[in-house]
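Colleague: Provide a 3D model corresponding to the input given below.
(one chain, ligands or ions: 1)
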Amino acid sequence: MTRFAVFASGRGSNLESLFESLAGRPEVAIVLVASDREEAQVLERAEKRGVPTAVVDPDDAPAILELLAAHEVDWIVLAGYLRRVPPPVVAGFRGRILNVHPALLPKFGGEGMYGIRVHRAVLEAGEEVSGASVHIVDEEYDHGPVVAQRIVPVEPDDTPESLAARVLEVEHRLLPAVVRAAAEGRVRVEDDRAWVEGELEWETR
Ligand code: GRF
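Modeller: Modelled structure (predicted):
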C-alpha cells in the first residue's frame, strides 16, 4: 500500500475529491492530513473520514519529518497548501511531493500566485487557455517539473471566479489521477523532467 500525506491550508475541496476517487482502492491510502492553519476547513473534512490530522509549524522541518516518519508516509500531496515546504523536507522526499496548481505552469506560478490572483492574472494577460497542473515540488514555489496538465479554455465572458470554478473541476480529476499513478509507481522523475508512464486514468464524472 502506498501511503500519502496531504498538506492543505484552506477549504480542502481537492482533498475531498481525493477521498472520493480513492475509495475502494486498498492499494492507496491518505494516512495523514496536515495544515499550517488550525481553523482550516480541510482538517474537519479529514476528521469526518477518520483520517489523522495535524497542525504543523510550516518552518519546523524536523517536526514535519518526524510526523511523516511516524505515519510512515511515502508521498506528500500539496492541495492548496500556501506555505513553502522547508528544504530538509524536500530533500527527504525528493521527487515524492506533488502539488496541484490552477494554471498551466510554468506560466502564472511562483510566490504570491495562488487562489483568485492566478485567474485574474490569466485574464489580464489575455490568455486564450488556462488549465490545471500537477508538478513535483522542489525548493522554489511552483517550480519543479510538471507531471501532468490539462487545458481549460478561457471563455470571452469569464470572470476570475468563473474561470477558477472551471479549472477547479479539472483539478478534482487531474490530482486523483496522478496520485493513483504515483501509487502504482508510474510517476517518473529524472533531473528536470517528470511524467506519467502509461495512461492517466482520467475519470469522467
Ligand atoms: C486550488 O485551486 C489549488 O490548485 C490551489 O488552491 C486551491 C485549493 O482549493 N493551490 P481547495 O482547498 O482544494 O478547495
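
Colleague: roughly how far does Val179 sit from Pro52?
Modeller: 18 Å (Cβ to Cβ, to the nearest Å). For the C-beta atoms, the positions are set from N, CA and C on the backbone; glycine is no exception.

Colleague: then Ser162?
Modeller: Taking Cβ to Cβ, one finds Ser162 at 36 Å from Pro52.

Colleague: again, but for His101
Modeller: Using Cβ to Cβ, we find His101 at a distance of 26 Å from Pro52.

Colleague: list the contacts of the residue of the chain found nearest the ligand.
Modeller: For the chain, the residue closest to the ligand is Gly80, as judged by Cβ to the nearest ligand atom, at 2.7 Å. Residues counted as contacts of Gly80 (Cβ atoms under 8 Å, 6 or more residues apart in numbering) are Ala8, Ser9, Gly10, Arg11, Gly12, Ser13, Asn14, Val42, Val100.

Colleague: what do you get for His172?
Modeller: Ser13, Asn14, Ser17.

Colleague: between these, identify the one with the most neighbours.
Modeller: Asn14 (25 neighbours; other Cβ atoms under 10 Å).

Colleague: does that one lie in a helix or a strand, and which?
Modeller: Assigned by DSSP states H and E, Asn14 falls within helix 13-22.

Colleague: just the buried residues of that helix, please?
Modeller: Ser13, Asn14, Leu15, Glu16, Ser17, Leu18, Phe19, Ser21, Leu22 (16 or more other Cβ atoms under 10 Å).

Colleague: what's the farthest-apart pair in these?
Modeller: Checked with Cβ to Cβ, the buried residues of helix 13-22 reach their widest spread between Ser13 and Leu22, with 15.0 Å between them.

Colleague: now do Val55 against Val85, distance only.
Modeller: Counting by Cβ to Cβ - Val55 and Val85 are separated by 16 Å.

Colleague: then Val31?
Modeller: 18 Å.

Colleague: do the same with Asp142
Modeller: Distance from Asp142 to Val85, by Cβ to Cβ: 12 Å.

Colleague: now do Ala164
Modeller: 24 Å.

Colleague: give me the more crowded residue out of those two.
Modeller: Using other Cβ under 10 Å, the more surrounded residue of Ala164 and Val85 is Val85, with 23 against 19.

Colleague: now do the same contact list for the residue nearest to the more buried one when sequence neighbours are not counted.
Modeller: Excluding its sequence neighbours, the residue lying closest to Val85 (Cβ to Cβ, 6 or more residues apart in numbering) is Val137, at 5.8 Å. Contacts for Val137 (Cβ under 8 Å, 6+ apart) come out as Ile76, Leu78, Val85, Val90, Ile97, Leu98, Asn99, Gly144.

Colleague: cool, Asp158 as well?
Modeller: Leu123.

Colleague: the lengthiest helix in the chain and the ligand, are they touching?
Modeller: Ranked by residue count under DSSP state H, the longest helix found in the chain is helix 160-183. Yes. Helix 160-183 comes into contact with the ligand (Cβ under 6 Å from any ligand atom), by way of Leu168, Glu171.
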